[in-house]
Structure formats: structure tokens, C-alpha cells
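1. Okay, sequence plus prediction incoming.
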Amino acid sequence: MLEKFIKFVEDKALGVDSIIITIDRSNGVQEKYAHHFVPDARNNIRSISKVVSCLGVYKAMERRFFDLDSDVMSFFGDIKIRNYGNIAPLSKLKIKHLLNLTMGHETGLMFSKDMKNLPAGTDFIEYILNYDIRHDPGTFFVYNNAATYLLCAIVQRLTGMYFGDWVHGTILRHLGIERPDWEKSNQNICLGASGLYLNNEEMHRIGLLLLRGGNYENTQIVDSDWVNAMHTPQFLTANLAEYAAKQKRCINKMAYGYHLWICGDGSLEYPKTHYFVDGTDGQFLIVSPKQRMVLTILSHQKNMDPFYEILNDYIQ
């Protein structure tokens with residue numbers, strides 16, 4: 001399972017830290033393959049943080065703090081909307097639109113470059129809610145970090161807990177993961193979409209939780225219906241200009257679910273074959289239900305294109 005990948009990484013001098021693959025065989029046998037090019041230390045798993053945030057948001061819904069159709073603005077009554085053109089679309093904004101990244105912005109907000117260009121002390125909630133919303137929520141997809149940030153802010157307001165602590169108490173500690181660092185804004189709100197520090201072994205457990213329908217070591221941590229909803233297409237992206245040219249590769253971003261990319265056969269047809277989340281500099285968490293497989297990679301590799309070449313040999 002690993003020999004070809006190791007040679008590929010070494011031949012191309014890629015900055016890969018580690019790869020882990022687990023396969024659950026139909027006879028109940030679990031096969032695990034791992035190779036660490038460097039010691040398995042905690043790193044910023046970038047956008048893979050999103051899937052962990054999504055699990056934490058579910059736990060807030062499980063406790064009935066809100067549901068998919070709850071009005072987002074009902075939690076931000078203290079935020080002044082100065083952009084009057086946003087008032088109408090914001091009145092239609094639901095929790096589900098934050099989870100499937102269809103807030104209605106045309107620009108992806110809250111990426112590191114975006115944040116660094118904002119004035120010091122910017123209130124990111126005000127910034128997001130006042131940035132031009134040109135489409136009704138649910139009708140336009142743009143990949144962004146802003147939606148996850150709003151979800152974290154909502155959970156923090158309702159629970160009175162830092163979102164990272166909430167996720168650790170409801171999810172991560174049940175996976176045997178000690179409290180990790182998770183970056184926050186100047187307003188002490190967890191970034192959510194990035195900034196979570198895990199090693200590959202810990203990140204891999206998140207993938208196993210998803211593969212096994214929310215179950216980990218015979219304990220049901222997350223309801224299987226929620227895991228299924230996460231990797232059910234909520235918005236088809238295959239025909240969008242940014243993703244149309246990528247449909248022939250295995251990591252083709254056919255559709256988006258709840259904080260997860262869904263892949264298929266290059267068309268808009270269902271069923272899907274696998275789902276994943278990736279992060280800047282070569283972080284991957286891929287789940288293939290068909291193969292009963294989880295594959296995770298941690299890297300510090302700026303050019304991610306080579307990964308898509310080698311992953312075609314692993315993912316069906």
C-alpha cells in the first residue's frame with residue numbers, strides 16, 4: 001500500500017510528513033499501513049479543521065440549541081447591519097447555509113490573506129455580515145472560511161464555552177485525543193475552518209469516525225444519520241468554472257455536503273464514490289465507503305498538484 005507512495009514522494013522531493021491508510025475488511029479484520037517521513041507532531045491541519053467543526057456543530061444541534069433551519073440572525077441581534085442591501089438575504093440565512101457554504105457571498109472570506117489585509121481589531125462577525133451578499137442563501141456556492149467562523153461564534157454564544165473546548169468535550173476526548181490548540185480571533189472566537197493542531201494519528205481517528213458512521217471503538221459518538229447528511233450532496237459543484245476541469249481526477253469535488261467535498265464519476269450522477277476534506281499545503285482526509293478505507297496525509301507542500309496524480313492509484 002505504501003511502497004509506491006514513498007517512492008513517489010522521494011522522487012519528487014515532496015514535503016510530506018506522513019501518510020496513514022486503514023482498511024476495514026468485510027471479515028472484521030482491520031488493516032493499517034503508516035509511514036512517517038518525520039516524527040508525527042501536531043500541525044495546523046488547515047481546512048480539515050472544518051470537518052471537526054461540523055461534528056461539534058452537530059453536538060450543539062443534538063442538545064437542541066438550534067437546528068438546520070434556525071435563523072442565523074436570531075443569534076446576532078447585537079450586530080449592526082450597515083450594508084442595507086444585505087438585510088433581505090440575511091433574513092433568509094439558515095444554519096444549513098453555513099454548513100454547505102451557500103451564504104450568498106461571491107468572494108470566499110476569512111482566508112489568511114483576507115484576514116491579514118483587514119484593519120487590526122476588525123470584528124469578523126460584523127465584517128462577514130456586512131460584506132456584500134449578492135445571492136439568496138442556498139443558491140450560490142463559494143468556498144470560504146467565514147461560514148464556519150459564524151457557526152463557532154453561535155455555539156460559543158449559546159454554550160458559554162470556547163468552541164475548541166466544546167469540541168474536545170463532546171467529540172475529541174471520546175477519540176482519545178487530548179485537548180489540542182485551536183487558533184482564535186481577536187474576539188476570542190475559534191477560527192473553526194482552520195487553525196486546529198493535530199498529528200496524523202489523531203486526524204486519522206476523525207476519518208475512522210466518519211467511515212464507521214459516527215462510531216469509534218464500539219461507542220456511538222455521533223449519530224449515523226448526521227454523518228450520512230455530511231456526505232450527501234447539498235450543492236452540486238462539478239459544473240462550476242473552478243471545478244469543471246478537475247472532474248476527471250479522483251479528487252474531483254463533484255458536490256459539497258456539510259463541510260465535506262463529495263466525489264463521483266465525473267458527472268453529476270449519484271451515487272458518490274468517496275468524500276474528503278483537504279487543506280492548504282497538502283493535508284488530506286479521504287474516506288472511501290466503497291473500499292472501506294480512510295487515507296490521511298499531513299504535509300508542508302505548497303504545490304498540491306502532485307498529490308492528485310498519486311491519489312488516483314489509491315482511491316476508487
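-> Ah, there it is.
2. okay, CA-based contacts and neighbour counts for the rest of this
-> Will do.
3. Now do the same for the residue nearest to Phe141 when sequence neighbours are not counted: its pLDDT.
-> What sits nearest to Phe141 in space, not counting adjacent residues and going by CA to CA, 6 or more residues apart in numbering, is Thr102, at 4.7 Å. Looking at Thr102, its pLDDT reads 98.
4. Could you double-check that Thr102 sits in contact with Phe140?
-> Yes. Using CA atoms under 8 Å, Thr102 is in contact with Phe140, at 5.4 Å.
5. Looking at the two, which has the bigger crowd around it?
-> Ranked by neighbour count (other CA atoms under 10 Å), Thr102 and Phe140 place Thr102 first, with 26 against 17.
6. In contact with the more buried one, which residues?
-> The neighbourhood of Thr102, defined by CA atoms under 8 Å, 6 or more residues apart in numbering, consists of Pro137, Gly138, Thr139, Phe140, Phe141, Val142.
7. try Gly121
-> Neighbour list for Gly121: Asn186 [criterion: CA under 8 Å, 6+ apart].
8. Could you work out the end-to-end span of stretch 220-232 for me?
-> 20 Å (CA to CA, to the nearest Å).
9. buried ones in it?
-> Ile221, Val222, Ser224, Trp226, Val227, Asn228, Met230, His231, Thr232 (16 or more other CA atoms under 10 Å).
10. Can you get me a residue count around Phe111?
-> Neighbour tally, Phe111, other CA under 10 Å: 13.
11. Quick check: the gap between it and Asn215.
-> 32 Å.
12. again with Met61
-> 18 Å.
13. do Leu260 as well
-> Distance, Leu260 to Asn215, by CA to CA: 18 Å.
14. Gly85 now?
-> According to CA to CA, Gly85 and Asn215 sit 44 Å apart.
15. Looking at those two, which one has more neighbours?
-> Asn215 (17 against 14).
16. so what's the more buried one up against?
-> Going by CA under 8 Å, 6+ apart, the list of residues near Asn215 reads Leu209, Ile221, Val222, Ser224.
17. what's it sitting at in phi/psi?
-> Dihedral pair for Asn215: phi -100, psi 140, per degrees, to the nearest 10.
18. That one pairs with what?
-> When assigned by DSSP bridges, Asn215 has beta-bridge partners Gln220.
19. what distance separates the strand ranked longest in the chain from the centre of its chain?
-> Longest strand in the chain, counting residues (DSSP state E): strand 16-24. Counting by CA atoms, centre = their mean, to the nearest Å, strand 16-24 is centred 18 Å from the centre of its parent chain.
20. now do stretch 235-250
-> What separates the centre of stretch 235-250 from the centre of its chain is 18 Å, taken as CA atoms, centre = their mean.
21. how long is stretch 156-172 end to end?
-> Note: stretch 156-172 ends 17 Å apart using CA to CA.
22. what's next to that stretch, contact-wise?
-> Stretch 156-172 is contacted by residues 52-53, 55-56, 59, 65, 75, 152-153, 155, 177-182, 188-190, 192, 221 when judged by CA under 8 Å, 6+ apart.
23. what does stretch 21-38 give?
-> With CA under 8 Å, 6+ apart, stretch 21-38 has contacts from 1-2, 16-20, 291-296.
24. Can I get that stretch as CSV, trimmed to CA atoms?
-> C-alpha atoms of stretch 21-38 as CSV (Å, rounded to 0.1, in the frame of the first residue of the first chain):
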residue,chain,number,x,y,z
ILE,A,21,-4.2,4.2,5.5
THR,A,22,-6.8,2.0,7.3
ILE,A,23,-9.0,-0.6,5.5
ASP,A,24,-11.9,-2.3,7.3
ARG,A,25,-12.2,-5.7,5.7
SER,A,26,-15.6,-7.4,5.4
ASN,A,27,-14.4,-10.2,7.7
GLY,A,28,-13.9,-7.7,10.5
VAL,A,29,-10.1,-7.5,10.1
GLN,A,30,-8.7,-4.0,10.2
GLU,A,31,-5.5,-3.4,8.1
LYS,A,32,-3.5,-0.3,8.9
TYR,A,33,-0.5,1.0,6.9
ALA,A,34,1.5,4.0,8.0
HIS,A,35,4.7,5.7,7.0
HIS,A,36,6.2,8.8,8.8
PHE,A,37,8.8,10.7,6.9
VAL,A,38,9.3,12.8,10.1
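25. Pull out the buried residues from that stretch.
-> Those would be Ile21, Thr22, Ile23, Asp24, Ala34, His35, for stretch 21-38 by 16+ other CA under 10 Å.
26. Check stretch 59-78 too.
-> For stretch 59-78, using 16+ other CA under 10 Å, the buried residues are Lys59, Ala60, Phe66, Asp67, Asp71, Val72, Met73, Phe75, Phe76.
27. Mind checking which of the residues you listed are in helices?
-> Those of these mapping onto helices are Lys59, Ala60, per DSSP state H.
28. ok so, going back, so can I have TSV of the contacts of Thr102 showing distance to Cys250?
-> Shown next, in TSV, are these (distance: CA to CA, whole Å):
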residue	distance to Cys250
Pro137	29
Gly138	26
Thr139	26
Phe140	24
Phe141	21
Val142	21
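29. Fine by me, thanks again.
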